[in-house]
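**Q** give me a 3D structure for the following:
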Amino acid sequence: MILYLSPKEIYIYSPMQAKRSAGKTKCKTLVIKYKHKIIKMNKPIFSIIKIGNYFREISVVVIGVAITLSVNVWINHKNEKKDIALYLNAIKLELETNIEMIDSEVEYLQDWENYSLYLLSHDKKSINPDSIRWGGDGSGLGTVKDIIFQTSAFEMLKNSGAMRLIEDKELLQSIWNSYLHLESIRMSINSYYELKKEQSIKENQLVLEGKPPLIPLYDFFVTYINFGALEGCKRISVELKEMISKLEKSKMIKQ
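**A** Numbers count the residues shown, from 1 in each chain. Now for the predicted structure:
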């Protein structure tokens, strides 16, 4: 029921009546009587209702955007985990290849160290001539190499910026150390071969002059005894195998 008191005020007995009557009057003030309480409002109630609807619509939009962003974050996080797993698997395969190279090098260096120990344990005059024909009349004793280990998978991981996503920082540090030690032993082996190469060039010159040495590379083998390269190779081989074991046990590589 609506009661007109004046051109500027009306009494309305319920909010629903206020809503229905809001469009029927040009009054500036609504006086609502509801549950024995008098409420005066300077703006038509339908304006307040419109504001409420507006805020509800905004809330729905905000909630929708929040859900979309949450889903995107979840998908990105899942993709990042897959990327990390791919990088770590590539590093595992790369380390396995490097271990094969190192173990092969250990066989060479072990033979040469045995030869060095034989020379050190005998006087030049008492050395068995057959022993110096090891490796094809001594030709194998002058073999030199330039060792290059594979590091492309590790370089890809570094350049990708994905290292910051690896949660296991201890595992990450172990990977760094493995490649640092790998580079160190590469330099050690190549230094050994470089010294051997220099000695071989000198002896080849003696051969050209008709003064071949009785024992090929005698001075080299009794002086350097592998320059610590053999023990270094054995040590890094064990370290890399332990690193591979850590990778296989890591949850990140199984994503």
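**Q** quick one, what contacts residue 212?
**A** 203, 206 (Cβ atoms under 8 Å, 6 or more residues apart in numbering). Where C-beta positions appear, they are placed from N, C-alpha and C, glycine not excepted.
**Q** which SSE is it in?
**A** According to DSSP states H and E, residue 212 maps onto no helix or strand at all.
**Q** per-residue pLDDT, it?
**A** Here, the pLDDT recorded for residue 212 equals 78.
**Q** residue 100 now?
**A** With respect to pLDDT, residue 100 scores 95.
**Q** which residues of this structure fall in strands?
**A** For the chain, the strands defined by DSSP state E cover 2-4, 9-12, 29-34, 37-41.
**Q** pick out the shakiest of these, pLDDT-wise.
**A** Lowest mean pLDDT within the strands of the chain: strand 2-4, at a mean of 39.
**Q** nearest spatial neighbour of residue 152, chain-adjacent residues omitted?
**A** Among residues not flanking residue 152 along the chain, residue 94 sits closest, at 7.0 Å (Cβ to Cβ, 6 or more residues apart in numbering).
**Q** oh, I was asking about residue 146
**A** Per Cβ to Cβ, 6+ apart, closest to residue 146 is residue 190, 6.2 Å.
**Q** if I look at the one you found, how far off is residue 154?
**A** Distance, residue 190 to residue 154, using Cβ to Cβ, to the nearest Å: 19 Å.
**Q** follow-up on the earlier one: the residue nearest to residue 152: what's it in contact with?
**A** 150-154.
**Q** with pLDDT, distance to residue 161 and neighbour count as added columns, please give these in JSON lines.
**A** Below are the contacts of residue 94 laid out as JSON lines (pLDDT from 0 to 100; distance: Cβ to Cβ, whole Å; neighbours: other Cβ atoms under 10 Å):
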{"residue": "150", "pLDDT": "94", "distance to residue 161": "21", "neighbour count": "15"}
{"residue": "151", "pLDDT": "94", "distance to residue 161": "18", "neighbour count": "17"}
{"residue": "152", "pLDDT": "95", "distance to residue 161": "17", "neighbour count": "10"}
{"residue": "153", "pLDDT": "94", "distance to residue 161": "15", "neighbour count": "20"}
{"residue": "154", "pLDDT": "95", "distance to residue 161": "14", "neighbour count": "19"}
